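Enquirer: here is my input; please provide its structure:
(one chain, ligands or ions: 4)
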Amino acid sequence: MPVNDAIEAGADRPADAEDALPVNELFHSLQGEGKLAGVPTVFVRTSGCNLRCWFCDSYHTSWEPTHAWMGIDEIVDAVAERARTDHGRADHVVVTGGEPMIHDEVVALLDRLDAAGFHTTVETNGTVYRDAPIDLASVSPKLASSTPTADRDPKGDGEWADRHEDRRIDLEALAALVDAYETQLKFVVTGREDVDEIEALVERVREAATATVADSDVLLMPEGQTRERLDETREAVAELAAEYGYRYTPRLHVDLWNDAPGT
Ligand SMILES: C[S@@+](CC[C@H](N)C(=O)[O-])C[C@H]1O[C@@H](n2cnc3c(N)ncnc32)[C@H](O)[C@@H]1O
Ligand SMILES: Nc1nc2[nH]cc(C(=O)O)c2c(=O)[nH]1
Ligand code: SF4
Ligand SMILES: [Mg+2]
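Expert: Residues are numbered from 1 along each chain as shown. Ligands and ions are numbered 1, 2, ... in the order given. This is a model prediction of the structure:
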């Protein structure tokens, strides 16, 4: 079994790590994306993903996952410490990845963070629904332009393309997330070609869900892990948002810190 699926199955979990998660990084920063952009936040980044976007800005949680297993208690203590003392203060936590929702234990983590009084955001690709105390579901459904075809595969020759394509949209999971939580749908946009697919998917989610998805809950985010790349993409994406009546989101951590680790 490849190492990445092994994480999904928990195969490399140490015997003494019962209530634990594979953590790639844990840090204090400003939320860089979405409706809460600019808010001081502690980030918990789990490792392992069920997809393989060619552009993934967290390569070491998807294509080549690395992590330390941390107990839930240990994670909550580390979050509380960074929220109090590290570089500042925060009452918001983001649980991200990789894909945090592939892990059963993410529910116990969110229970504990909620009980400790934190506002919780989960950054998710929207393929897995779980019942948990989530204050904002930040759902980023993956478009066809994310598929790691042979010419865009950062690691191999397109071996992940079919699996990624089969898994990337789960309408039932998307509707369940929208119905259960305050949700933003945050699309990574690589160009004008993406917009028809976004419009069609938003319509399908609206039909499948009971809750309302307003145009202002639909966010267009430029693709780019570096300032140089965002210099090429952000203006066109901002103009598409204005043209279609959706919301634009910046990537503040890239603008400010060039997406350095721990930002
Ligand atoms: C690394 S993902 C982790 C959470 C989850 N797996 C997901 O994709 O939503 C965090 C956020 O970064 C976005 N993202 C990843 N790579 C990106 C890139 N190159 N440019 C813009 N956004 C990117 C994702 O779409 C998602 O909104
Ligand atoms: N500052 C900052 N904001 C973020 N918002 C979502 C992020 C993520 O990787 O999920 C992220 C991140 O990596 N850094
Ligand atoms: S779904 Fe998220 S973590 Fe997984 S490969 Fe895509 S951007 Fe990276
Ligand atoms: Mg990020």
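
Enquirer: distance of D215 relative to V39?
Expert: 22 Å (C-beta to C-beta, to the nearest Å). For every residue, glycine as well, the C-beta is placed using N, CA and C.

Enquirer: looking at those two, which one has more neighbours?
Expert: V39 (16 against 11; other C-beta atoms under 10 Å).

Enquirer: any idea how far the more buried one lies from ligand 2?
Expert: From V39 across to ligand 2, the span is 10 Å (C-beta to the nearest ligand atom, to the nearest Å).

Enquirer: so A236 touches R192, yeah?
Expert: Yes. A236 is in contact with R192 according to C-beta atoms under 8 Å; the separation is 7.3 Å.

Enquirer: which residues does the nearest residue to A176 once chain neighbours are set aside contact?
Expert: Distances taken as C-beta to C-beta, 6 or more residues apart in numbering place Y129 nearest to A176, at 4.0 Å, with adjacent residues excluded. Residues counted as contacts of Y129 (C-beta atoms under 8 Å, 6 or more residues apart in numbering) are 101, 172-173, 176-177, 180.

Enquirer: filter those residues down to the ones near ligand 2?
Expert: With C-beta under 6 Å from any ligand atom as the criterion, the contacts of Y129 include none near ligand 2.

Enquirer: now L26. Its backbone dihedrals?
Expert: The phi/psi pair for L26 (degrees, to the nearest 10) reads phi -140, psi 120.

Enquirer: if I look at it, how far off is T120?
Expert: Computed as C-beta to C-beta, the L26 to T120 distance reads 15 Å.

Enquirer: same deal with R13?
Expert: For R13, the distance to T120 equals 24 Å [C-beta to C-beta].

Enquirer: who's in contact with D255?
Expert: 227, 230.

Enquirer: quick check: it vs A176, distance?
Expert: 33 Å.

Enquirer: need the residues of the protein near ligand 1, please.
Expert: Checking the chain against ligand 1 by C-beta under 6 Å from any ligand atom, the hits are 49, 55-58, 96-97, 99, 123-125, 140, 186, 188, 221, 223-225.

Enquirer: out of R13 and T120, which sits in the more crowded spot?
Expert: Comparing R13 with T120 by other C-beta under 10 Å, the one with more neighbours is T120, at 20 against 16.
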